[in-house]
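Q: quick one, structure for this:
(chains A and B)
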Amino acid sequence: MNRGDGCHGMDGRSGDVHRSVHAAHKTHANPWVLAGLTLLLLAAMAGSCLLGAVDFERGEIFHSPIFWRLRLPRVLMSVLVGAVLSVCGAAYQSIFRNPLTDPYVLGVSSGASLGAAVAILLGMEAVLWGVGGMALAAALLTVLFIYRIASIGNRMHTTTLLLTGVCLTLLISALISFLMVLNQEKMDSIIFWTMGSFGSSSWTDVAVLAPVAVAGIGVVLWYGRDLNLLLAGSEAARSMGVEVEKVKRVLLVATTLMVAFAVSSCGVIGFVGLIVPHAVRLVAGPDNRRVVPYSMLVGALFVLVCDTLARYVLRPSELPVGSLTSMVGAPLFIYLLYKNKKEI
Amino acid sequence: MIQLRHIGMSYGERVILHDVSATVAEGRITAVMGPNGCGKTTLLRCIGGLLHPTEGQVLVAGRRVEDYSARELAQQVAFVRQQAQTDFEFSAFETVLMGRNPYQRRLQNESQEDWDIVERCMKQTGTWELRFAKPAQMSGGELQRVMIARALAQETPVLLMDEPVSNLDIAHQLDIMRLLRAAGKTTVIVIHDLNLALRYCDEVLLLHDSGLLFHGPIAEGLTSDRIRTVYGVGSHLTDGQIVFDYC
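A: Below you'll find the model as predicted:
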């Protein structure tokens, strides 16, 4: 019975017990951790701006169009996308009550890329929210489909959920290939969406994604405790005062909106939403009031580092950042499947 | 406290409950009994607002269940489910703390009062020593007691329990039933053990053929005739215990 609490006193010293329980059960994010991660992120952003195919002379950087037009928006985009994908991963894992889901694994990112591809073929690139809007519509359809098909009773079965996601991803990539063959002249710009890269990030992308990211992440943070309760199951959450259907709907729309806009500006970058919340949970425990804000910062840092490596290691050519995150993420995913296989 | 008015529930052709009417006595423990699949859990879920009956109304504290917001209802009614299950590694303490949700505002920290209530409820259910344990480290019975502590932490006048003691050994069954008696809440409990019910419950809602066969004091309800009607098993009363006629 006496598990893991050997150092705590008997009930007679309840003051001590209280303090130690408080210490062991921090529920909200620690402001010092947040501040530390933010500083680390800012330092990494500064470092990333200095690294690249072109080296700057001392003092030259602030006069260089390479810094202003290319590196800074690219760094900002990788930070935004990393934050968005990680927060969405954490939210999806709670909504679907499954630690192996994220927008990529469930095919929602692919759905968004299909929407974006269709928008490009229809010549909607000139419209500011055109590509994003189509990506959003397709991503919402995908998530709705997944949600309907994978829920048996009130429980999502891991196998059904993951297989549905995999099949959808395959179907969507087949559709994208089909579109590419039909429109060979636009093939390059479509391929870009399926690979994931910040190579063409611009201030326009930042201006489109930033407000969506701020609003979307705000919504997920707002519902932090509800996400915890959803993990206890829909009915249990309901009987503890969560308007389950409303909360799920709001969160699915908010997260899918973020994913769609991230994908429509930089393509599909896989596994970020899976790796980052997992790593955070290992250290900070399962409470989403910590997992979500920490994931936001760690995810931003992770994608920033991956993108910096992607463009620096083989300079002057570059790797698609999506391939780098998948090289880290896919083995981890398989490991997690293996570890959890009793439950599947 | 709880009024059932002509509750009916059917899925398509299949009738689960038909015309169940009763007023559950305030501050007493009411057992819901009947054979498997007779609609006990369905009835409980209707009271808890988790299901809406296809006919009739459920009133809690004079107000229709569907007129409550989830938060308001969670301040009136707590529900302990049959299968306690959590996938993510919340400790027992964090799990019980979730019961305080209906009283918390968004983005607000738990108050000292919340911590004290959680501590008290965990001590009442004998789970305080388990407070750092993760679900994987707990037995089914321990997990069940944590779930009961979580429901108590909701501090509701009404407690609904779907077979809360089925997973527990006899000592913990008795502990929980005594605890329910001491808590003095309006409790509706689905329970299979006739003798345990006879000993600790005040009233019984006996369901048979998707209808209500009997509602009233449990000692009057569990006669050998009714037990034969409902379960098809012969029995007699010896020293205040129901003894079944085997073979």
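Q: list the contacts of the spatially most central residue of chain B.
A: If you average the C-alpha coordinates of chain B and look for the closest C-alpha using Cα atoms, centre = their mean, you land on B:M161, 1.3 Å from that point. Residues touching B:M161, when contacts are defined by Cβ atoms under 8 Å, 6 or more residues apart in numbering or on different chains, comprise B:44, B:79-80, B:148, B:151, B:180, B:187-190. C-beta coordinates here come from the backbone N, C-alpha and C atoms, glycine included.
Q: rerun at 6 Å
A: Shown here is B:M161, whose contacts under the criterion Cβ atoms under 6 Å, 6 or more residues apart in numbering or on different chains are B:80, B:189.
Q: repeat for B:Q57
A: Contacts here follow Cβ under 6 Å, 6+ apart; on that basis B:Q57 touches B:5, B:64.
Q: and stretch A:67-75, average pLDDT?
A: Averaging pLDDT along stretch A:67-75 gives 89.
Q: near chain A, which residues of chain B?
A: Within chain B, the positions near chain A by Cβ under 6 Å from any Cβ of the partner chain are B:48, B:50, B:70-71, B:74, B:79, B:86-90, B:93-94, B:98, B:101-102, B:109, B:129, B:132-133, B:137.
Q: narrow those residues to those that are buried.
A: The neighbour-count criterion (16 or more other Cβ atoms under 10 Å in any protein chain shown) marks B:48, B:50, B:70, B:74, B:79, B:86-90, B:93-94, B:98, B:101-102, B:129, B:132-133 among the residues of chain B next to chain A as buried.
Q: now, which of those residues lie within strands?
A: B:F79 (DSSP state E).
Q: now the chain, which segments are flagged as low pLDDT?
A: Just going to use chain A. Counting by pLDDT under 70, chain A has low-confidence residues at A:1-26, A:58, A:128, A:150-158, A:189, A:192-193, A:340-344.
Q: chain B is the one I meant
A: Counting by pLDDT under 70, chain B contains low-confidence ranges at B:83-88, B:247.
Q: ok, stretch A:77-91 near chain B or not?
A: No - using Cβ under 6 Å from any Cβ, stretch A:77-91 stays clear of chain B, with a minimum separation of 11.2 Å.
Q: list of residues touching that stretch?
A: Stretch A:77-91 is contacted from outside by A:102-103, A:198, A:201, A:205-206, A:209, A:213, A:217, A:220, A:251, A:255, A:258-259, A:262, A:266, A:272-274, A:276-277, A:291-292, A:295-296, A:299-300, A:302-304, A:307, using Cβ under 6 Å, 6+ apart.
Q: got the CA positions of it in PDB?
A: Listed in PDB are the C-alpha atoms of stretch A:77-91, where the atom choice follows Å, rounded to 0.1, in the frame of the first residue of the first chain:
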ATOM      1  CA  MET A  77       7.200  30.200 -39.100                       C
ATOM      2  CA  SER A  78       9.000  27.200 -37.800                       C
ATOM      3  CA  VAL A  79       8.400  28.400 -34.200                       C
ATOM      4  CA  LEU A  80       4.700  29.000 -34.900                       C
ATOM      5  CA  VAL A  81       4.200  25.700 -36.700                       C
ATOM      6  CA  GLY A  82       6.000  23.700 -34.000                       C
ATOM      7  CA  ALA A  83       3.900  25.300 -31.300                       C
ATOM      8  CA  VAL A  84       0.700  24.700 -33.200                       C
ATOM      9  CA  LEU A  85       1.400  21.100 -34.100                       C
ATOM     10  CA  SER A  86       2.500  20.200 -30.600                       C
ATOM     11  CA  VAL A  87      -0.500  21.800 -28.900                       C
ATOM     12  CA  CYS A  88      -2.800  20.100 -31.400                       C
ATOM     13  CA  GLY A  89      -1.200  16.800 -30.700                       C
ATOM     14  CA  ALA A  90      -1.700  17.200 -27.000                       C
ATOM     15  CA  ALA A  91      -5.300  18.200 -27.600                       C
END
